[in-house]
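Student: Using only what follows, build the 3D model:
(2 chains)
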Amino acid sequence: MVTGAVARPTAADVWAVAATVTDPEIPVLTIEDLGVLRSVEVGDDGAVRVALTPTYSGCPALDAMRDDVLLALTHAGFDDVTVDLVLAPAWTTDWMTEAGKEKLRRYGIQAPTGKAAARDAGPVRVQLAVKCPRCDSLNTRELARFGSTSCKALYECRDCLEPFDYFKVL
Amino acid sequence: MSEQTHGDVTVDRVELAEELAGAGLTGTGSTASPDAAEYALRLGDDALVLAQRLGMWITRAPELEEDVALGNIGLDLIGHARSLLHYAGTATGRTEDDLAYWRDEPEWRNAWLFEQPNGDFAHTIARQLVASAYLFELYGDLADSTDPTLAAIAAKAVKEVDYHRDHAVQWTLRLAGGTDESRRRMIVAIADTWPYVDELFEDDELVERLEASGVAVRPSSLRERFDAAIDAVFDEARLERPTGRTAFIAAGRGRHGGHTEHLGPLLAEMQVLARQHPGASW
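Tutor: Here you go, the predicted structure:
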C-alpha cells in the first residue's frame, strides 16, 4: 500500500494498527490494554519493528498475538514487519490500562486487585479482598489459585453465588 | 528512526526461537559464551524435566483444580526452559528443539531432584516444595546477573515461581494437618525427597568461573535462605527436616551427565514424536 503518494508512516501510525490486536483468550482486551504491546519503531527504510512481551513465560497466546500483529500490519500495507519478543523488563499486571481493567470487569473477570510492585514492600503479604465483578460484593472466596489460564484464578461470590475468574497480580 | 515506547520503559531484546519469534524473521539476540551456555543448560534442563513430570498429572490429579494447577505450573516451567535452552543453543548454533529432543541421557544437566518420579500426590508436593523454594531464591538473585539475557529470564521467572512456591506450601500444610493418612504420606514423601536436596546447592568450577564475573549465582549461597524458608513451613506443619548423618544423601551427578534410572524413560516419552517424525510441525 505504502506508495509514493503516501507519507512515510510514523511509529504512531504503526502503533494504532498493532493496538487493535486482541488477546485470543480474552477478546475484549487489546494487547495495548494488556501492556503486551511494548514498542514500535519505524526505520528510515520504512522497516517496522514491533516489540511484544509475554504475560507469563509459557503463555501460548503469545504466538497467536504475534501472528495477529503481523497479519494486521500486513493488511494495513506494511510489507517489512518484524515482531520481536522481549522479556525485560518483566511484564507486570501494573501495566494493564485502567480502560482495560474496566473492560475486564464488564466481561466478568475481576481485574488485578492491588499493585504487583507493592508485593515487595514488606515481609507480610496481604491479599486484598477480591470484588465480585457481577454484584460488587467483597464477600468472595478463592476456589483455585490456578484457573483456566495461567493468568487467572477461580473465585466464588458468597452473595450472588456466581463463580468468576480473577486476573491475578503478577 | 522514530520510536514510541510504552511508558518510559526501555526495551532489552531477548530473541527467542525462530519458531516463537516468527517464521523467516531474524533478530539480534545475544550469543551465550560457552560457560554461560552450559549454565543455562543446567537451569533449562531442570525446568523442562520438571515440567514433563508435572504434565503427567493432567487427568490424574486428586481433583480437577489440581490437574489445572500442576498443568499451569508446568506451562510456566516450559516457558522458562524455552528461553534458557534457546540461549544455551546460541553458543553452538542449536535450537531449543534440538536441545530438548535430540540429546541423550548423558547430555542432560538437570539435578536428580527434578527427574524423580511423581510418586503419590504427597511426593509431588514435597518435590515441588523443594524445587520452588530453591528456584525462588535462585531466580531472585540471578535477576541481578551481569548477563542481561539470564537476568531478564530470571526476573520474569521469579514472579511465577513465587506462585508455585505458595501452591506447594499450601498443600504441604494441608496434607500435614489433614488426616492421619495424609500426614503419614507427607512425612514419607519428605523423607524420600530429602536425599536430593544437597545436590542443588553444590558449587563447582563452572559456577566459580561464572560467579567471578557476576554471571551465575553460587548455589551454596542460597542454602541458608532455603533452609529458613523450609523451616518456617515445617514449623507451621509440625514436620521435621531430615538432618544429620542418619539422612541418606544421593550422589547427585546430574550437572555432569550422570543420572538416576528415572530420566531415560522420561526422555523416551518426551522425545519419541520428534525422533519418529523429524521436522514434523503442526
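
Student: Please count neighbours and contacts with C-alpha atoms only from this point.
Tutor: Noted.

Student: Which residue is it, in the stretch 1-150 of chain B, that comes closest to chain A?
Tutor: Nearest residue of the stretch 1-150 of chain B to chain A, counting by CA to the nearest CA: B:Gly79, 3.7 Å away.

Student: roughly how far apart are that residue and A:Cys132?
Tutor: Distance from B:Gly79 to A:Cys132, counting by CA to CA, to the nearest Å: 31 Å.

Student: Repeat that for B:Leu135.
Tutor: 34 Å.

Student: for B:Ser33, same thing?
Tutor: Distance of B:Ser33 to A:Cys132, given as CA to CA: 50 Å.

Student: Same drill for the two, tell me which one is more crowded.
Tutor: Set side by side, B:Ser33 and A:Cys132 show more neighbours around A:Cys132, with 28 against 14, by other CA atoms under 10 Å in any protein chain shown.

Student: is it true that the more buried one touches A:Leu161?
Tutor: No. Using CA atoms under 8 Å, A:Cys132 is not in contact with A:Leu161, being 9.7 Å away.

Student: quick one: buried residues of stretch A:23-41?
Tutor: For stretch A:23-41, the neighbour count (16 or more other CA atoms under 10 Å in any protein chain shown) marks A:23-24, A:29-41 as buried.

Student: Helices along the chain, start to end?
Tutor: Since you didn't name a chain, this refers to chain A. Counting by DSSP state H, chain A has helices at residues A:11-18, A:31-34, A:61-75, A:98-107.

Student: my bad, chain B
Tutor: Under DSSP H, chain B gives helices at B:18-21, B:34-55, B:64-89, B:96-101, B:112-115, B:121-142, B:148-176, B:180-193, B:205-212, B:223-237, B:263-276.

Student: Check which helices and strands the last one sits against.
Tutor: In terms of contact count using 3 or more CA pairs under 8 Å, 6 or more residues apart in numbering or on different chains; DSSP states H and E, helix B:263-276 is assigned the packing partners helix B:34-55, helix B:96-101.

Student: about what we covered before: how about the helices of chain B in TSV, adding distance to A:Leu143, mean pLDDT and mean neighbour count?
Tutor: Below are these laid out as TSV (distance: least, CA to CA, whole Å; pLDDT from 0 to 100; neighbours: other CA atoms under 10 Å in any protein chain shown):
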stretch	distance to A:Leu143	mean pLDDT	mean neighbour count
helix B:18-21	33	40	17
helix B:34-55	21	98	23
helix B:64-89	8	96	24
helix B:96-101	35	95	19
helix B:112-115	28	98	25
helix B:121-142	19	98	23
helix B:148-176	13	96	22
helix B:180-193	21	96	18
helix B:205-212	42	97	15
helix B:223-237	22	97	15
helix B:263-276	32	96	15
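
Student: A:Thr113 is nearest to which of those?
Tutor: helix B:148-176 (15.9 Å; CA to CA).

Student: Domains in chain A, by residue range?
Tutor: Domains of chain A are assigned by automatic domain parsing as A:11-85, A:96-167.

Student: which one of those is the most hemmed in?
Tutor: domain A:11-85 (a mean of 19; mean count of other CA atoms under 10 Å in any protein chain shown).

Student: That one: end-to-end distance?
Tutor: Domain A:11-85: ends 18 Å apart by CA to CA.

Student: Any residue of it touching chain B?
Tutor: Yes. Using CA under 8 Å from any CA of the partner chain, domain A:11-85 reaches chain B at A:11-12, A:15, A:35, A:37-44, A:56-59, A:63, A:66-67, A:82-85.

Student: thinking again about what came up before, of all the helices of chain A, which one comes closest to B:Arg42?
Tutor: Comparing the helices of chain A by their distance to B:Arg42 (CA to CA), the top pick is helix A:61-75, with 25.5 Å.

Student: quick one: the closest one to helix A:11-18, angle?
Tutor: Interaxial angle, helix A:61-75 versus helix A:11-18 (axes from the mean of the first three to the mean of the last three CA atoms, to 10 degrees): 120 degrees.

Student: In terms of secondary structure, what does helix A:61-75 contact?
Tutor: Helix A:61-75 packs on helix A:11-18, strand A:81-88, going by 3+ CA pairs under 8 Å, 6+ apart.

Student: That helix - what's its average pLDDT?
Tutor: For helix A:61-75, mean pLDDT is 94.

Student: what sits against the closest residue to B:Ala51 other than its chain neighbours?
Tutor: Nearest non-adjacent residue to B:Ala51, counting by CA to CA, 6 or more residues apart in numbering or on different chains: B:Gly74, 4.2 Å away. Listed by CA atoms under 8 Å, 6 or more residues apart in numbering or on different chains, the contact partners of B:Gly74 are B:50-52, B:54-55.

Student: one more time with 7 Å, if that's ok
Tutor: Neighbouring residues of B:Gly74 by CA atoms under 7 Å, 6 or more residues apart in numbering or on different chains: B:51, B:54-55.

Student: Also B:Tyr87?
Tutor: B:32, B:37.

Student: cool, B:Leu222 as well?
Tutor: Each residue near B:Leu222 by CA under 7 Å, 6+ apart is listed here: B:137-138.

Student: what about 10 Å?
Tutor: By CA atoms under 10 Å, 6 or more residues apart in numbering or on different chains, the contact list for B:Leu222 reads B:133-138, B:141, B:200-201.

Student: Check it and give its pLDDT.
Tutor: Looking at B:Leu222, its pLDDT is 98.

Student: mind checking how far it is from B:Ala191?
Tutor: 21 Å.

Student: Residue of chain A closest to chain B, please.
Tutor: Among all residues of chain A, A:Gly58 sits closest to chain B, at 3.7 Å; criterion: CA to the nearest CA.

Student: Please report the distance of the spatially closest residue to B:Arg223 that is not a sequence neighbour from chain A.
Tutor: In this structure, B:Arg223 finds its nearest non-sequential neighbour in B:Phe201, 6.4 Å apart by CA to CA, 6+ apart. According to CA to the nearest CA, to the nearest Å, B:Phe201 stands 25 Å off from chain A.
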